[in-house]
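Colleague: sequence first, predicted coordinates after that:
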Amino acid sequence: MKVLIVTEAGKKIGFGHMMRCLSVDQAFRRQSIKPRFIVNGGQEVRKILSDKEYRLLNWLSKRKELLKEISGADIVLVDSYLADRPLYQKMAAVVKLMVYIDDNKRLDYPQGVVINTMVYANELAYPKREGIDYLLGPHYAHVRREFLRIPKRPLRRSLKTILVTLGGSDFLNLTPKILEILASRFPQMKKQVIISRFYTNDKAIKQASDANTKITINANGALMKKLILDADIAITGAGQTIIELARVGLPALCLCVADNQRRHLHKWSEYGFVGLSNPRSVTELEGAILNTIKQFSSMRIRQNFRSQITKIINPQGSDRIVQELIKKLSVAKKVKQ
């Protein structure tokens, strides 16, 4: 079976699309299917895909080359905020099954399958018509293999360790500000900070760190799981990491740093995460951190949070996606015959 994953990644646009595509890649591989990646990105992508078959291609501008690459494929999955409908139409015409990962009903998609794993997905009024199917909601969540099984994690009576992880890039320079606040207000607390090699503010992060701060660069899935399990509370971005925090049941202050995360953050806030959209000042950020730590200092509140939040995500979400796509491919082949 020929499966291709088309996406984008880089220092400026982040690596969220890439990371959730990797969870789908893992699910395909559990079915003995090895997808090929086509990524609009720079050299920084190579290390992430070092064990995959891939091609770096600016497919937005080299559309004919992209169409040649995917022509005749069984399944082509696209995760992009940049691709337009005319391109999708041309892609759908040359493959057996097109799949679109969506977050906010960005387009009126052509024939194929739309996947939206967000907690609010079923609230969006997607158009119902012949030739298009939908896989919606956190039952299809993109969960990495390391988070399929979660051991029981005893709760500490008090908050000892805080995890700070803002994703693949920190273009708003929030991590140093967070660490300065934590060093000043909570010097006794252990701060576990995860950054990537694409952070341009690593020197400022080190300068803002106190004696109880440990910085980890490029945590893989296994290490990420360990650090989440070891923490009592977290400060994170409003992206894919929320899924993994929810799987473990770790309470967090979630910072929205992009407009396309607002709806995502708002819905997760209804389930118990604390949300802050586009912090405009250090004072506002400090207030949110203080309130979050105060709220979850109660062991009872953390117990209630964990019991509720861990029910939302289906850990087999990516496997369910692949199983559904294989079924739909069989139907699509019959229709096109």
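Modeller: Yep, that arrived. Every value quoted in this text rests on a predicted model; they were computed, and no experiment measured them.
Colleague: going forward, measure contacts and count neighbours with C-alpha atoms only.
Modeller: Fine.
Colleague: excluding its backbone neighbours, what's nearest Phe296?
Modeller: Sequence neighbours aside, Arg302 is the residue nearest to Phe296 in space, at 5.9 Å (criterion: Cα to Cα, 6 or more residues apart in numbering).
Colleague: okay, now the one you found: neighbour count?
Modeller: 21 (other Cα atoms under 10 Å).
Colleague: wait, a helix at it?
Modeller: Yes - counting by DSSP: H, G, I helix; E, B strand; the rest coil, one finds Arg302 located in a helix.
Colleague: so it sits against Val248, correct?
Modeller: No - between Arg302 and Val248 there is no contact under Cα atoms under 8 Å: 11.9 Å.
Colleague: would you map the strands across the stretch 201-337 of the chain?
Modeller: Applying DSSP state E, counting those that start in this stretch to the stretch 201-337 of the chain gives strands spanning 213-217, 233-237, 252-256, 274-277.
Colleague: which stretch in these has the least confidence?
Modeller: With a mean of 88, strand 274-277 has the lowest mean pLDDT of the strands of the stretch 201-337 of the chain.
Colleague: please save the CA atoms from it in PDB.
Modeller: Output in PDB follows, covering the C-alpha atoms of strand 274-277 (Å, rounded to 0.1, in the frame of the first residue of the first chain):
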ATOM      1  CA  VAL A 274      -6.300  26.800  33.200                       C
ATOM      2  CA  GLY A 275      -6.000  28.900  30.000                       C
ATOM      3  CA  LEU A 276      -4.400  32.200  29.200                       C
ATOM      4  CA  SER A 277      -4.600  33.800  25.800                       C
END
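Colleague: mind listing the helices for the stretch 201-337 of the chain?
Modeller: According to DSSP state H, counting those that start in this stretch, the stretch 201-337 of the chain carries its helices in the segments 202-208, 221-230, 241-248, 262-270, 282-295, 299-309, 317-336.
Colleague: dump those helices into CSV; add distance to Leu174 and mean pLDDT as well.
Modeller: Shown next, in CSV, are these (distance: least, Cα to Cα, whole Å; pLDDT from 0 to 100):
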stretch, distance to Leu174, mean pLDDT
helix 202-208, 9, 96
helix 221-230, 20, 96
helix 241-248, 16, 94
helix 262-270, 17, 90
helix 282-295, 9, 96
helix 299-309, 25, 96
helix 317-336, 31, 87
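Colleague: of these, which is nearest Val39?
Modeller: Closest to Val39 of the helices of the stretch 201-337 of the chain is helix 317-336 (Cα to Cα; 20.0 Å).
Colleague: list the buried residues of that closest one.
Modeller: Going by neighbour count (16 or more other Cα atoms under 10 Å), the buried part of helix 317-336 is 317-322, 325-326, 328-329, 332.
Colleague: quick one: contacts of that helix?
Modeller: Residues outside helix 317-336 that contact it (Cα atoms under 8 Å, 6 or more residues apart in numbering) are 23-24, 27-28, 74-75, 96-97, 135, 138-143.
Colleague: those in strands, which ones?
Modeller: If you go by DSSP state E, the contacts of helix 317-336 have 75, 97, 135 in strands.
Colleague: neighbour-wise, which one of the residues you listed leads?
Modeller: Each of the ones in strands among the contacts of helix 317-336 was scored for neighbours by other Cα under 10 Å, and Leu97 scores highest at 26 neighbours.
Colleague: check contacts around the closest residue in space to that residue that isn't next to it in sequence.
Modeller: Distances taken as Cα to Cα, 6+ apart place Ile75 nearest to Leu97, at 4.9 Å, with adjacent residues excluded. By Cα under 8 Å, 6+ apart, the residues touching Ile75 are 2-4, 95-99, 329.
Colleague: so which of the residues you listed is the closest to Arg262?
Modeller: Within the set of those, Val99 lies nearest Arg262; the separation is 24.3 Å, counting by Cα to Cα.
Colleague: out of the strands of the stretch 201-337 of the chain, flag the one nearest Met19.
Modeller: strand 233-237 (14.3 Å).
Colleague: which strands and helices lie in contact with that closest one?
Modeller: strand 161-165, strand 252-256 (3 or more Cα pairs under 8 Å, 6 or more residues apart in numbering; DSSP states H and E).
Colleague: between these, which gets nearest to Val114?
Modeller: Among those, strand 252-256 comes nearest to Val114, with 24.5 Å by Cα to Cα.
Colleague: that closest one pairs with which strands, parallel or anti?
Modeller: With DSSP bridges as the test, strand 252-256 is paired with strand 233-237 (parallel), strand 274-277 (parallel).
Colleague: need the residues that contact it.
Modeller: Counting by Cα under 8 Å, 6+ apart, 233-238, 242, 245, 262, 265, 273-279, 288-289, 292 sit against strand 252-256.
Colleague: quick revisit: using a markdown table, lay out the strands paired with strand 252-256 together with distance to Gly131 and mean neighbour count.
Modeller: Below are the strands paired with strand 252-256 laid out as a markdown table (distance: least, Cα to Cα, whole Å; neighbours: other Cα atoms under 10 Å):
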| stretch | distance to Gly131 | mean neighbour count |
| --- | --- | --- |
| strand 233-237 | 36 | 24 |
| strand 274-277 | 37 | 21 |
